[in-house]
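**Student:** model this:
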Amino acid sequence: MSRIGEFEFIAQSLAPLAADYEGAFGLTDDAAFLAASSGLVVTSDTLIQGVHFRTDDPWDMAARKALRVNVSDLVAMAARPHAFLLSIVWPETVSARDQQRFVDGLAEDSAGYGMPLIGGDTTRGGDCLVITITAFGEVAQPLRRSGAQPGDRVFVSGTIGDGWLGLQSEALDLPETERNSLNDRYLLPRPPVALIETLRTSATAGLDISDGLISDAGHMAKASGVSVDLQLANIPLSAAARDWLARQDKRTDAMISLITGGDDYEMLFCCPADRVEALRISARNAGVAVTDIGCISEGSGVSVRDEKGNIVQILETGFTHF
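**Tutor:** Here you go, the predicted structure:
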């Protein structure tokens, strides 16, 4: 399977992903024309092979993860996925087979999220795959990190810690089915798109959990000028994560690893006490599990308490690039 040139690759492999967006012009022009029924938000993430995904991860999975982490940012602002730009740096040794596998994965999630490709750039150089996606979402009034108020309840969607465990799944002392489940959660985040309407109608502040629950709670606390107070025992875990936790000698230390590890791509958000019941009903109707894990109070920073009410000391709050 011989490798083709840049423009042939765009025309043959990427242009079909733009077919449903009139303003993309079949990827034949210098830019795209954006048309949206409401306001637009924009986000961008770069994933580097060996840093944000493993060097031996399948390229279709890498493509899908790159799109999904951007979708996660859109959901965090209660924005509907609209379209995306893609820039790729292929390794010097890239094969046509790897390129096609990448495109196949991207096409699957582009269709699944109703999010067409509308432009970007491709080039080649170096020894690793670099993927940059810029995603656009539609929303009349974006959800911000800065709206949390004292008295609000703090919620998370889904479960926490699976991505971090999945990164090291091969080394875990767990049954194969659980290891595979965790690895899948790392490879393919599941941003809760179905929760968008709930966030729009009930949330006062929100963001996605990418760097770790505690680190991202700290971002919310700083932006809102409040304290985020969390109950360790209330943080939801998957069956596989609970199984792993039960096998650890130092349970509290292990739990801290789960809530600081990152790669969850779930939502952390706040809701006034008088909207909690409506939020629960809306989330249940959307088919998304949400869990009350704490509250907002006056002050600053993040506090985590155990079942006895004692403060849990956390030295490293989450992932950082620097």
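**Student:** need the longest strand for the protein.
**Tutor:** What stands out as the longest strand in the chain, according to DSSP state E, is strand 80-90.
**Student:** what strands flank that strand, and is each parallel or antiparallel?
**Tutor:** If you go by DSSP bridges, strand 80-90 pairs up with strand 117-124 (parallel), strand 130-138 (antiparallel).
**Student:** mean pLDDT for those strands: which is lowest?
**Tutor:** Least confident of the strands paired with strand 80-90, judged by mean pLDDT, is strand 117-124 with a mean of 92.
**Student:** who's in contact with the residue most central in space within the chain?
**Tutor:** For the chain, the residue nearest the mean C-alpha position is Y265 (3.1 Å; C-alpha atoms, centre = their mean). Going by C-beta atoms under 8 Å, 6 or more residues apart in numbering, Y265 touches R68, V69, S72, G163, P189, R190, P191, D208, I209, S210. Heads up, the C-betas are built off the backbone N, CA and C, glycines and all.
**Student:** quick one on the thing from earlier: save the strands paired with strand 80-90 as a markdown table, and put in distance to E108 and mean neighbour count too.
**Tutor:** Converted to a markdown table, those look like this (distance: least, C-beta to C-beta, whole Å; neighbours: other C-beta atoms under 10 Å):
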| stretch | distance to E108 | mean neighbour count |
| --- | --- | --- |
| strand 117-124 | 13 | 18 |
| strand 130-138 | 15 | 22 |
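**Student:** out of these, which gets nearest to D184?
**Tutor:** Closest approach to D184 among the strands paired with strand 80-90 is made by strand 130-138 (19.5 Å; C-beta to C-beta).
**Student:** name the helices or strands packed onto the next helix-or-strand element following that closest one?
**Tutor:** Later in the chain than strand 130-138, the nearest helix or strand by DSSP states H and E is strand 153-157. Contact here means 3 or more C-beta pairs under 8 Å, 6 or more residues apart in numbering; DSSP states H and E; on that basis strand 153-157 packs against strand 227-231, strand 266-271, helix 276-286, strand 290-297.
**Student:** one more pass at 7 Å, please.
**Tutor:** Using 3 or more C-beta pairs under 7 Å, 6 or more residues apart in numbering; DSSP states H and E, the elements in contact with strand 153-157 are strand 266-271, strand 290-297.
**Student:** the longest one pairs with which strands?
**Tutor:** Strand partners for strand 290-297, identified by DSSP bridges, are recorded as strand 153-157 (antiparallel), strand 227-231 (antiparallel).
**Student:** contacts for the last one, please.
**Tutor:** Meaning strand 227-231. Residues from elsewhere that reach strand 227-231, judged by C-beta atoms under 7 Å, 6 or more residues apart in numbering: 154, 217, 220-221, 293-305.
**Student:** care to break the chain down by domain?
**Tutor:** For the chain, the structural domains run 6-138, 153-305, going by automatic domain parsing.
**Student:** I'd like to know which of these is closest to I314.
**Tutor:** With C-beta to C-beta as the criterion, I314 lies closest to domain 153-305 of the domains of the chain, at 5.7 Å.
**Student:** ok, which of the domains of the chain comes nearest R145?
**Tutor:** Of all those, it is domain 153-305 that lies closest to R145, at 3.9 Å by C-beta to C-beta.
**Student:** what mean pLDDT does the closest one have?
**Tutor:** Domain 153-305 carries an average pLDDT of 96.
**Student:** that domain: end-to-end distance?
**Tutor:** End-to-end distance of domain 153-305 (C-alpha to C-alpha, to the nearest Å): 15 Å.
**Student:** just the helices in this structure please.
**Tutor:** Remark: helices assigned in the chain by DSSP state H are 6-9, 59-76, 96-112, 162-167, 176-187, 196-202, 213-224, 239-246, 251-260, 276-286.
**Student:** can you pull the buried residues of the third one?
**Tutor:** For helix 96-112, burial by neighbour count (16 or more other C-beta atoms under 10 Å) applies to D98, Q99, Q100, R101, F102, V103, G105, L106, A107, D109, S110.
**Student:** TSV for those, including pLDDT?
**Tutor:** Listed next are the buried residues of helix 96-112 as TSV, based on pLDDT from 0 to 100:
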residue	pLDDT
D98	94
Q99	94
Q100	94
R101	96
F102	96
V103	95
G105	97
L106	97
A107	96
D109	98
S110	97
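**Student:** between the residues you listed, which is nearest F84?
**Tutor:** Of all the buried residues of helix 96-112, the one with the least separation from F84 (C-beta to C-beta) is S110, at 7.6 Å.
**Student:** OK, contacts around that closest one?
**Tutor:** Neighbouring residues of S110 by C-beta under 7 Å, 6+ apart: L17, L67, P116, L117.
**Student:** got a winner among those residues for most neighbours?
**Tutor:** Using other C-beta atoms under 10 Å as the neighbour criterion, L67 leads those with 28 neighbours.
**Student:** list the contacts of the closest residue to it other than its chain neighbours.
**Tutor:** Setting aside the residues directly before and after it, L67 is nearest to D109 in space (C-beta to C-beta, 6 or more residues apart in numbering), at 4.9 Å. D109 makes contact with R64, L67, R68 under the criterion C-beta under 7 Å, 6+ apart.
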